[in-house]
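# this is the structure alone, sequence omitted:
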């Protein structure tokens, strides 16, 4: 017999799927719930309010960050490096490539691939546009992010107001 607070099979699947991309609506559908997209969005929001589910997500996220030894500060520092690298730092004043050992940390962090050719090295650099989009999303600078945050805040305020009417 399941104890109070234990997750059902589909709830556990929802938690696993949520951890894939942190999108509750997609996690709800991938977990096996069958409904319209609008219903999935609404139901997923309610799932995220479930104490057992929220706790399971928090525990799994903590375990993942502990295993990876990755903090929020590490993530944001890396994001800053990827957004802020200057490709000109790969070259000296005469326009010649600097030795790889002399590349500063921020620029080196933005190198995502190296190809050794007969003529030297070719660097593949991080995609600044994609990185900036991630930074903007983190700071909720997209209209959709503001709307979803406002919607979530509105629901919380409504619950608080309704709870205090009693």
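Yes, it's here. What you see is a predicted model; the values in this text were computed from it and never measured.

# mind checking the SS state of the residue lying farthest from the centre of the chain?
Distance from the centre of the chain peaks at residue 94, with 40.3 Å (Cα atoms, centre = their mean). Per DSSP: H, G, I helix; E, B strand; the rest coil, the secondary structure class of residue 94 is coil.

# for it, give its distance to residue 104.
18 Å (Cβ to Cβ, to the nearest Å). Yep, even glycine has a C-beta here, placed from its N, CA and C like the rest.

# same question, residue 53
Distance from residue 53 to residue 104, by Cβ to Cβ: 44 Å.

# let me see the backbone angles for the residue farthest from the centre of the chain.
phi -90, psi 0 (degrees, to the nearest 10).

# what of residue 114?
Backbone geometry at residue 114, expressed as degrees, to the nearest 10, gives phi -130, psi 130.

# same question for residue 123.
Dihedral pair for residue 123: phi -100, psi 140, per degrees, to the nearest 10.

# ok, how many other residues are close to it?
17 (other Cβ atoms under 10 Å).

# ok, and the closest non-adjacent residue to it?
residue 111 (5.1 Å; Cβ to Cβ, 6 or more residues apart in numbering).

# so what's the backbone phi/psi at the one you found?
Backbone geometry at residue 111, expressed as degrees, to the nearest 10, gives phi -80, psi 120.

# point out where the protein drops to low pLDDT.
Across the chain, residues meeting the criterion (pLDDT under 70) sit at 1-5, 142-166.

# one more pass at 50, please.
1-2, 4 (pLDDT under 50).

# in it, which spans are helices?
Counting by DSSP state H, the chain has helices at residues 9-21, 24-30, 37-49, 51-68, 72-84, 105-109, 128-138, 143-165.

# the residue nearest to residue 123 pairs with what?
Using DSSP bridges, the beta-bridge partners of residue 111 come out as residue 125.

# what about it, how many neighbours?
By the measure other Cβ under 10 Å, the count of residues near residue 111 is 16.

# now do residue 46
12.

# report the separation between it and residue 86.
Taking Cβ to Cβ as the measure, residue 46 and residue 86 are separated by 46 Å.

# then residue 112?
Here residue 112 is placed at a distance of 16 Å from residue 86 (Cβ to Cβ).

# domains in this structure, by residue range?
8-69, 73-126 (automatic domain parsing).

# so which of those domains is the most surrounded?
Comparing those by mean neighbour count (mean count of other Cβ atoms under 10 Å), domain 8-69 ranks first with a mean of 15.

# fine, thanks again, bye for now.
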